[in-house]
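[1] Could you look at this predicted model? Sequence included:
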Amino acid sequence: MTEITLTIDTEQQKQAFKDSFVKLDPRHLVGNPVLFVVELGTVIGLLLTVAPGLFGATGSRVYYAVITVLLAFTVLFANYAEAYAELEGEAQADSLRALQTETEGKLLADPDVPIEEIDEGDVEVVKSDRIEAGDVVFADEGDIIPSDGTVIEGSASVDESAITGESEPVIRQSGGDRTSVVGGTKVLSDRVKIEVTSEQGESFLDEMIGLVENAQRQKTPNEIAMTILLSGLTLVFVVAVATMFFFGEYLASFTSGFSGLDIAELVALLVALMPTTIGALLAAIRVAGMTRVTRRNVIVVRASYQSSLFDETTEGRSIVDLAERMNGTKADGGRPGVDTVDESENAVEAPRDVHVSLDAEGLSEESFVPFSAETRMSGIDRSDGTEIRKGAVDAVEEYADSVPGKLRQESNEISEKGGTPLAIAVDKRVVGIIELQDELKPGIADRIAEIQKMGVETIMATGDNQRTARWVADQVGIDDFNAEFDPEEKIGLVEDIQADGKLVGMTGDGTNDAPALAKADVGLAMNAGTNAAKEAGNMVDLDSNPSKIIEVVGIGKQLLMTRGALTTFSVANDVAKYFVPASAVTATLVYNAFIIPLLIPLALRGVDYEAQSGAQLLRKNLIVYGGGGLIAPFVFIKVIDLLFVALGVFQ
Amino acid sequence: MASPPPIVEYAVFFTLAVVLIFLVGEYLAWVYRDQANSNYELPRLLTGLQRLDSVFTPIENAIYRLSGIKPKREMTWRGQVKAVLVFNAFIWVLLYVVLYFQNVLPMNFVASNTNQQHYSGENLSVFTHTFAIGIAMFLTPATGLALMPAFARAFNNDEDPRLGNFYENVVRGVVRFLLPFSFVIALVLMAEGSVQTITSGKLTAETFTMGVQNIRVGPHAGIEAIKMWGTNGGGINGANASTAFENPTPLSNLVLTLAMPVSTFCAIYAWGAWVGNRSHGIALVAAFFVIYAALTGVAVIGETGPNVAMEVQESGLTVDQTAGNMESKETRFGPTASAIWGLSTTGTTNGGVNSMHNSWTALGAFSLLFAFATNNISNGVGTGLLNVLMYVILTAFIGALMIGRRPQYLGKKLEWQEMRYVFVAILALPVLVLVPLAHAVVYQPATDAMANPGFRGFAEILYEFFSASANNGSGLEGLGDNTVYYNLVDGAQVLLGRYVPITVQLAIAGLLAGKKTSPESRGSLDTDTPAFVGLLIGIVIIVSALVFLPALVFGPIGELLSGGI
């Protein structure tokens, strides 16, 4: 996983400061009831500072000024937190926008010209903004791909580091599951013909930028519920404190030397009791959460879906289709079967790199017979007429005229050990069997265990045969597996699980995954996969790492946990604030205001999340944030008060 | 007879309470098993209860036929609200008519299960007590009972907005829960010497001073039983359960005191059984029981201590206070049993009294008011469960966030629509108590009614408003509250304090019932762990009780700190 690191320079710091004041506009603040009430309190404080006699108050002008300033700081700090998070998001959007510089594309006048024959006469060089969906463009070595699209002819190695941060070039080729290319990436070698799939302004980069910018405006449903909760708590304390004024009047009626409660002090008490800490950081938590996701190179594609996505990802019980990719690279087990034919080994091992090895053998491209889903075989027709075929054992059996009796037995043995058997036939005579040993990605079992601890049920759905699937499932500890699945069955599986009331998260990359990805509640498509899959999913992982879904779930959880933890902290603080002596009003307000900037890093980074059971997590967070929230204000307010006494101020 | 040490009385009481809560809770869960749409099964120990069906079912069917109730007719939450209002209006009209012809001030709020008497029971005839108050005392708690299975449906239904038939629930509640238990309690009371008659209206006694005293007697035992079991409060005699007619012996006192927490907590226990998670019910009972037992402990300490006002030495005479604060307490019960009763009455919405709360020490009065501030801890029969669940839903919301889960409670997703109503329900008490209080303390006609100006006078009004808003009905007393001002304010509080929460709670049930159930999984918030109980207690204390702390400062806390003004 790569992270795009961002630094906020002093220029942006200045901008954040400026924004904090701009956000004082009541029309903006009214969206956050907690801060709005604090702002109203500040206005009352200001009025008292100007005219201390107002409302029958008796305090000194300096005292009211101090209270006013501290209340103003509370709002400003909150605004700063939001502005800072937004700037961080914008900085990310800017770094993405830089990739969007004007490029030129080579538009093909006649899309049917074979790729080898394309020369300068066939292409028209145009600005990238003139290229529309459906156009066919040509990209040669060293060209920047002008727009998102699907490779329809040829193959090339592409540098996608600008988007993924991964320096290793990736192969993009027509046919199969590696057809999609992203605008702004660079062709390193070879040439491809690309059918453009997105209009200008709708490409991945635009999506990504839009996502970061949208996060600043839209509240998620959970955040709306949080706002209700905080408004409710605010209202409770407004009632509690406002009525105190009248109780004070009553007390004054029979107590000599007491003339009622001071309005400014009541405002101060109200602000101290209201959940200002979480109210101030709520917006920052949202923006930062969204930024964290994009930094992990995951794009949320469906904008309409985006707002609720984070709430959804936190629900457990998803299925994760880690099918093929989890197996990692398939390496040659090197286990010679019956009568192995030497030369075919290289050729059949990795059909995608096939032309490389064939060149070494001195073969021409035409002699290569590509793999197709229909024949489930691939092979070479040599110039001397020899037909070499490699493929699934049953497919080769059907194709061949002569099959040795022990072929079945051998292939079963390989399957049981988790390998994939491939039969080889020369001139329709089965001559050998190759064992492809599945090599699991290192650490994948740990990742699965981690996601299971989050309360997610993992299910594998794969086209592989039963035996292989069982072996893989056992090795990595997947809860359940479904082998030899076709696309319809995948949709059926997703629907069945949803019918149980569970939420389904799915990762997949192939075109045959697309319908199920679209059906799933959270569909994480691989960037390296087909465009069909990418359009079907609601998120795309640019790093094409299927276990990324764990991180996406983790970030969603972190987002909620940060909200929950800071709410608990904020509310627990109240207990201490009730017991603050009247003389420490200033110290309380100082604590109340300055705890906000102290917690900004936590809000931006999120609460540490470690996969563990709900009960453990609740106990831990309750002790840290609930217990901490009870104790922290006692300690801090006492220290600040002692400091003031020592300095001889605010007494 | 010497009282046992306070700690023994305390321990025996709470142990008995726990056992009874379990037994009665299982029984109540069984009563409404189908109405709550639950998969409830009786524990093997209690399967014999099933035979009771053959006794109750014919009675219920007869009632259905006579009254035209069709139990099969399902209602949505709106239908339920309408039924509650119509039904309660009916009770109100019934009371009004009977009381009107009695020539008594018709200011009466029994219809909302509050029974806040601004009259003394002696003013009412035996006929009124039997046919008006008595019936109302059954029907109003039945309203609360009837809401519980409807609320359980919110979680047991899968995308189905039907919440059952309100009237069927009322009938079952009366026939299977209120009548049998109050009958047993009444029998115990009569065995202990309580009066039960409908023929004689008064008892004439010759007093020591050779005067003649006419004492109102009537169906004491029966009224007393349902008054305690149905969290009604009030009584035939103004002095309530401190009189020997109602509450003759320590044993009758124990039974009556137990009736209060058992009849309310059993519903909280039954909740767990209805939603298919008994340990969740136990966890909820534990959370609120801890608050109840702790506050009772504070009250016992307060009342077994000396009364500051009595520590006077005049002409060499002192008051021996080794027995504790005995002012306005019955010697039959002593300070400990009186303290336990006191907290049981404000820890539920009962309102019966067996000692004069205004004579309690500041610490004792503080614990009484603190119990109010938590919205009467376990609250009333039926409605108590619903009020408790408001805090539980809030806890589930925050708890789920704390562990990074989408907030849900018992498989139902919690969204802003429900949270909005939860807050309306939670806010109802502080708004209804504090806003009028702020007005009353600076309003001359209101403060004139205080018996003791100063901190205690403040507490008198606070108690009065708490009592009305939280549907308790008891009084700290001392406040001359039968004035137009208090009658109007309390009347509004009683009505709003009962029907506003019921309406929003049914709305929540309606919203949740229509949602899909997502099963609990490994990572879900466990609602039966000590951490959950801790969070729940914290939220109840901070969100509910602490809101009233400023008001308590001007009342009992101020009194305590200033040494009693």
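    Cool, the structure landed.

[2] Which helix runs longest in the chain?
    Here I'm looking at chain A. Using DSSP state H to define each element, chain A has its longest helix at helix A:61-97.

[3] Chain B is the one I meant
    Assigned via DSSP H, chain B shows its longest helix as helix B:484-513.

[4] Check which element follows that one along the chain.
    helix B:530-539 (DSSP states H and E).

[5] Pull the residues that contact that following helix.
    Residues from elsewhere that reach helix B:530-539, judged by Cβ atoms under 8 Å, 6 or more residues apart in numbering or on different chains: A:571-572, A:615, A:618-619, A:622, A:626, B:283-284, B:286-287, B:290-291, B:391-392, B:394-395, B:398-399, B:402, B:525-526. Using the backbone N, CA and C atoms, a C-beta is placed for each residue, glycine as well.

[6] swap the cut-off to 6 Å and go again
    With contact meaning Cβ atoms under 6 Å, 6 or more residues apart in numbering or on different chains, helix B:530-539 is reached by A:618-619, A:622, B:283, B:286-287, B:391, B:394-395, B:399.

[7] quick check: mean pLDDT across that helix?
    For helix B:530-539, mean pLDDT is 91.

[8] Let me know the next secondary structure element after that helix.
    Following helix B:530-539 in sequence order, the next helix or strand is helix B:549-552 (DSSP H and E).

[9] which of the residues in the helix or strand where residue B:98 lies are buried?
    Per DSSP H and E: residue B:98 is located in helix B:77-100. Across helix B:77-100, burial judged by 16 or more other Cβ atoms under 10 Å in any protein chain shown covers B:77, B:79-81, B:83-84, B:87-88, B:91-92, B:94-95, B:98-99.

[10] what's the closest of those residues to chain A?
    Taking Cβ to the nearest Cβ as the measure, residue B:77 is the one of the buried residues of helix B:77-100 closest to chain A, at 19.7 Å.

[11] Touching, the closest one and residue B:512? I think so.
    No - the criterion here is Cβ atoms under 6 Å, and residue B:77 misses it with residue B:512 at 9.7 Å.

[12] so how many other residues sit close to residue A:127?
    Close neighbours of residue A:127, defined as other Cβ atoms under 10 Å in any protein chain shown, add up to 12.

[13] Residue B:5 too?
    11.

[14] Show me the helices in the stretch 251-400 of chain B, by range?
    With DSSP state H, counting those that start in this stretch, the ranges of helices along the stretch 251-400 of chain B come out as B:278-304, B:334-346, B:362-373, B:383-402.

[15] can you check the stretch 401-550 of chain A too?
    Going by DSSP H, counting those that start in this stretch, the stretch 401-550 of chain A shows helices at A:407-416, A:444-453, A:466-476, A:487-499, A:514-519, A:531-536, A:548-578.

[16] Now render those helices as a markdown table, adding distance to residue A:634 and mean pLDDT.
    Putting the helices of the stretch 401-550 of chain A into a markdown table (distance: least, Cβ to Cβ, whole Å; pLDDT from 0 to 100) gives the following:
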| stretch | distance to residue A:634 | mean pLDDT |
| --- | --- | --- |
| helix A:407-416 | 65 | 77 |
| helix A:444-453 | 35 | 76 |
| helix A:466-476 | 49 | 78 |
| helix A:487-499 | 49 | 79 |
| helix A:514-519 | 52 | 78 |
| helix A:531-536 | 53 | 71 |
| helix A:548-578 | 5 | 83 |
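
[17] out of the ones you listed, nearest to chain B?
    With Cβ to the nearest Cβ as the yardstick, what comes closest out of the helices of the stretch 401-550 of chain A is helix A:548-578 (2.7 Å).

[18] buried stuff in the helix or strand where residue A:13 lies?
    According to DSSP H and E, residue A:13 maps onto helix A:10-22. Buried residues in helix A:10-22, defined by neighbour count with 16+ other Cβ under 10 Å: A:12, A:15-16, A:19-20.

[19] Stretch A:573-586 now?
    A:573-577, A:580, A:584-586.

[20] Any residues of the stretch 251-400 of chain B in contact with chain A? List them.
    residue B:398 (Cβ under 6 Å from any Cβ of the partner chain).

[21] quick revisit: kindly calculate the angle that the longest helix of chain B makes with helix B:77-100.
    Here helix B:484-513 runs at an angle of 150 degrees relative to helix B:77-100 (axes from the mean of the first three to the mean of the last three Cα atoms, to 10 degrees).

[22] Pull the number of nearby residues for the residue of the stretch 101-250 of chain B found nearest chain A.
    Chain A sits closest to residue B:158 of the stretch 101-250 of chain B, with a gap of 7.6 Å, by Cβ to the nearest Cβ. Residue B:158 sits with 14 neighbouring residues when counted by other Cβ under 10 Å.

[23] Spatially nearest residue to it, not counting backbone neighbours?
    residue B:517 (4.8 Å; Cβ to Cβ, 6 or more residues apart in numbering or on different chains).

[24] and what of residue B:434?
    residue A:243 (4.2 Å).

[25] From the contact counts, what lies against the longest helix of chain A?
    helix A:10-22, helix A:33-50, helix A:204-214, helix A:263-273, helix A:276-295, helix A:585-605 (3 or more Cβ pairs under 6 Å, 6 or more residues apart in numbering or on different chains; DSSP states H and E).

[26] circling back: are there helices or strands packed against the helix holding residue B:98, and which ones?
    Counting by 3+ Cβ pairs under 6 Å, 6+ apart, helix B:77-100 packs on helix B:134-156, helix B:484-513.

[27] Just name the most buried of the ones you listed.
    helix B:134-156 (a mean of 26; mean count of other Cβ atoms under 10 Å in any protein chain shown).

[28] which residues are contacting the first helix or strand past it going along the chain?
    Downstream of helix B:134-156, the first helix or strand assigned by DSSP H and E is helix B:166-172. Here helix B:166-172 makes contact (Cβ under 6 Å, 6+ apart) with B:31, B:35, B:60, B:63, B:69, B:71, B:75, B:80, B:83, B:142, B:146, B:149.

[29] can you give me the mean pLDDT across helix B:166-172?
    For helix B:166-172, the per-residue pLDDT averages 90.

[30] what's the following helix or strand after it?
    helix B:179-191.
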